[in-house]
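Enquirer: return a 3D structure for these sequence lines:
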Amino acid sequence: PRCRRRCPRAQGMQQQLPPYEVLPTEVNMEEMPRSTTVLMEEPPRPPRDHLVWSLFTTLYGNFCCLGLLAFVFSVKSRDRKVLGDYSGALSYGSTAKCLNITALVINIIIVVIVVTVVAVMVAKATNPPPQYGYNPFSGRT
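Expert: Sure, this is the predicted structure:
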């Protein structure tokens with residue numbers, strides 16, 4: 001009783017057991033009807049290998065060969081998946097995903113920097129700096 005008050009988990013485990021009855025002695029187990037229970041489980045969903053994403057990262061954003069590395073890990077993940085090694089496929093697939101995300105973030109940062117530099121250069125080229133000491137109407141001041 002003392003543990004039941006302290007351990008609600010143990011009390012919950014006792015309540016989860018299905019009710020069982022003791023068979024009377026005159027009942028023989030051989031005379032009881034037999035039944036078979038078959039549990040149908042869905043096969044585990046195969047892990048993603050991110051092969052297409054890695055291919056596009058390789059072709060369009062291959063900063064420091066991160067896209068190529070992601071593609072290699074994606075191919076390894078697909079090979080593991082074909083062999084039925086889902087834990088290995090999951091490991092290689094998550095590595096490919098991390099490499100793809102890293103390459104994507106670095107490429108976005110590079111694009112933002114390039115667009116900013118080009119915008120600043122265009123702004124400087126279209127707006128020449130004012131020339132002090134020169135009046136266009138009267139000449140030099």
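
Enquirer: mind listing the helices for the chain?
Expert: Counting by DSSP state H, the chain has these helices, from start to end: 2-6, 8-16, 51-60, 66-83, 86-126.

Enquirer: make JSON lines from these and add mean pLDDT and mean neighbour count to it.
Expert: C-beta here means a position set from N, CA and C on the backbone, and glycine is covered the same way. Supplementary listing: these in JSON lines, determined by pLDDT from 0 to 100; neighbours: other C-beta atoms under 10 Å:
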{"stretch": "helix 2-6", "mean pLDDT": "47", "mean neighbour count": "8"}
{"stretch": "helix 8-16", "mean pLDDT": "52", "mean neighbour count": "9"}
{"stretch": "helix 51-60", "mean pLDDT": "92", "mean neighbour count": "17"}
{"stretch": "helix 66-83", "mean pLDDT": "94", "mean neighbour count": "20"}
{"stretch": "helix 86-126", "mean pLDDT": "94", "mean neighbour count": "14"}
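
Enquirer: out of these, nearest to Glu41?
Expert: With distances scored as C-beta to C-beta, the stretch of the helices of the chain nearest to Glu41 is helix 86-126 (14.4 Å).

Enquirer: any idea of the angle the closest one forms with helix 66-83?
Expert: With axes from the mean of the first three to the mean of the last three C-alpha atoms, to 10 degrees defining the directions, helix 86-126 sits at 160 degrees from helix 66-83.

Enquirer: by contact count, what packs against helix 86-126?
Expert: Based on contacts counted as 3 or more C-beta pairs under 8 Å, 6 or more residues apart in numbering; DSSP states H and E, the elements that helix 86-126 packs against are helix 51-60, helix 66-83.

Enquirer: can I get the CA coordinates of the first one in CSV?
Expert: The reference is to helix 51-60. What follows is helix 51-60, C-alpha atoms only, in CSV (Å, rounded to 0.1, in the frame of the first residue of the first chain):
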residue,chain,number,x,y,z
LEU,A,51,19.0,12.3,-54.1
VAL,A,52,17.2,14.9,-56.3
TRP,A,53,18.0,17.7,-53.9
SER,A,54,21.6,16.7,-53.8
LEU,A,55,21.8,16.6,-57.6
PHE,A,56,20.4,20.2,-57.9
THR,A,57,22.8,21.3,-55.1
THR,A,58,25.7,19.7,-57.0
LEU,A,59,24.7,21.4,-60.3
TYR,A,60,23.6,24.8,-59.0
